[in-house]
Structure formats: structure tokens, C-alpha cells
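# How does the following fold in three dimensions:
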Amino acid sequence: MITDNGIEIFTALQDLVHPHRTALLVYDMQVGVVPQIKNGAEILAKVRSLLQVTRQAGIRTIFTRHMSLPLELMGSFQYRMAMAWQKKQDPAEVSSPFLRDSQAFQIAPELQPLSSEAIFDKLAMSAFEGTPLQFTLRDCGIRSILVAGIALEIGIEPTCRHAADLGIIPILVRDACGAGNSEAADQCVASLEHMGDTIVTNLKTVTELLVGLPGPETNKS
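Residues are numbered from 1 along each chain as shown. Predicted coordinates for the structure are as follows:
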């Protein structure tokens, strides 16, 4: 960390990955999402491993869920997006796969959120749009977010960009992020690295940084 003119400038990952300064965002690890990618089970295992180590270190955790609206509430853009994703030419043929009470909408049971963790439901790709995520992070004094989940090229990249625009440093845990299109995902990561406002790391590095930290009880003192 560098201090200049009374401002703390965080440049090193080890300064940011700490319960006082970072939170974990688990992006759309839902029952109906994980099976859609080829290595869904592998990503699920890595996100679970990340979640275990962040919980042990006392890192605040927020889950997101992508939600479908009932057809009666879908407007022009929602229909357009549904038609594109479901490869339909007729809006009468689209469905709402992630309705609020559906099984597909739920968080994968292997990642069952704790009572101390939040779940924010969203319609947009960015986890910040239409959710209390920014307010929550700001109110807790969080400076960065660890990001993992599915899918990198669809919602995780815009979430990282949105975080940076809000002055929150995104830390992308690359190997704990799944993608439906690996080439598109690689291009997204290259673009994020080119911009320089997202820190790209991996599960091993984050785990090593967190394992040596004191647990939640110590962090409260």
C-alpha cells in the first residue's frame, strides 16, 4: 500500500485480500446455471473451496441470482434477450427459466448461504444494477470484491467494470469463474487486464493469502 497526500492507494493483492477491505461475490451459482457449462462441476468445486477459505477468514459474502420475470411482466428488452438466449424467432415461444420460486433459480445446494450472508436477486448482468450491492459494500467500508461464479463472459465482466466505475477494486478469481464460451471469456479477461483496474488472480493465490489470517472472532477485536 502506498500513502500519498493522506490517501491510501492499494497496489498489492495482499493488502486488499483482508476481511476489513474485501468481500466475496459469488455470481449466479444457481441450480439451473451450473449445468449449462461443460466444466460446471469443476467450477462449483472451486467456488466451494474459495467459499470455505473466505468463511474461515471472516470475509463478508454476497450471492447473486439471475431472475426471470413472468411473461406478463416482460417488456420489449426482456423479450428480446429471451429470444436471443433461447434462439427463438417468435416471442410467443420463449419461457421464463429462472422464476423466483423455481428450482433452477436456487443457489446450488453445495454452496448453501449462511444466515450471515446475503442473496441479491437481479435482472441485469451487472451485480450492481438494481441491487443493494453498492450500498452494502460502501456501508461496510469495503474497498474491493473477490469475484467468482458463472458466467465470466456474460455477467462477471460487466460486474467487474461496474465495480471499477464505482471505485471498488474488482479481484477476479479466474479459475473459479466458469464460461459458456471459453474464447469469449479469454477475450474478456484480456480486456480487463488491458484496462488495469481489475486484478486477475487465482484460487491458489487467494487461499494462500487468507489461510494465515486470524479467524472472524479475532477480526472483531
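# Give me the most central residue, this structure.
Nearest to the geometric centre of the chain sits Tyr27, at 3.3 Å (CA atoms, centre = their mean).
# Kindly spell out which helices and strands sit in contact with the longest strand seen in the chain.
Counting by DSSP state E, the longest strand found in the chain is strand 169-178. Where contact means 3 or more CB pairs under 8 Å, 6 or more residues apart in numbering; DSSP states H and E, strand 169-178 is packed against helix 13-16, helix 40-57, strand 144-150, helix 157-165, helix 182-195, strand 199-201, helix 203-211. Yep, even glycine has a C-beta here, placed from its N, CA and C like the rest.
# State the pLDDT value of the closest residue to the residue nearest to the centre of the chain other than its chain neighbours.
Among residues not flanking Tyr27 along the chain, Gly149 sits closest, at 3.1 Å (CB to CB, 6 or more residues apart in numbering). Listed pLDDT for Gly149 reads 98.
# Surely Gly149 is in contact with Met29?
Yes. Using CB atoms under 8 Å, Gly149 is in contact with Met29, at 5.0 Å.
# Which neighbours do those two have in common?
Val47 (CB atoms under 8 Å, 6 or more residues apart in numbering).
# Between the two, point out the one with more neighbours.
Neighbours were tallied for Gly149 and for Met29 using other CB atoms under 10 Å; the higher tally belongs to Gly149 (29 against 25).
# which ones are touching the more buried one?
By CB under 8 Å, 6+ apart, the neighbours of Gly149 are Leu25, Val26, Tyr27, Asp28, Met29, Ile43, Val47, Thr64, Ile156, Ala176, Cys177, Gly178.
# want to throw those into TSV with distance to Glu110 and pLDDT?
Shown next, in TSV, are these (distance: CB to CB, whole Å; pLDDT from 0 to 100):
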residue	distance to Glu110	pLDDT
Leu25	17	98
Val26	11	98
Tyr27	15	98
Asp28	15	98
Met29	9	98
Ile43	11	98
Val47	9	98
Thr64	17	98
Ile156	19	98
Ala176	13	98
Cys177	17	98
Gly178	14	98
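# Between the residues you listed, which sits nearest Phe10?
Leu25 (17.6 Å; CB to CB).
# quick check, that closest one in a strand?
Yes. Using DSSP: H, G, I helix; E, B strand; the rest coil, the assignment for Leu25 is a strand.
# May I ask you to confirm that it is in contact with Phe128?
No. If you go by CB under 8 Å, Leu25 and Phe128 don't touch, sitting 9.9 Å apart.
# Give the intersection of the neighbour lists for those two.
Joint contacts of Leu25 and Phe128 (CB under 8 Å, 6+ apart) are Thr159.
# neighbour-wise, which of these two wins?
Leu25 (27 against 23).
# Now do the contacts for that one.
Ile62, Phe63, Thr64, Ala127, Leu133, Ile145, Leu146, Val147, Ala148, Gly149, Thr159.
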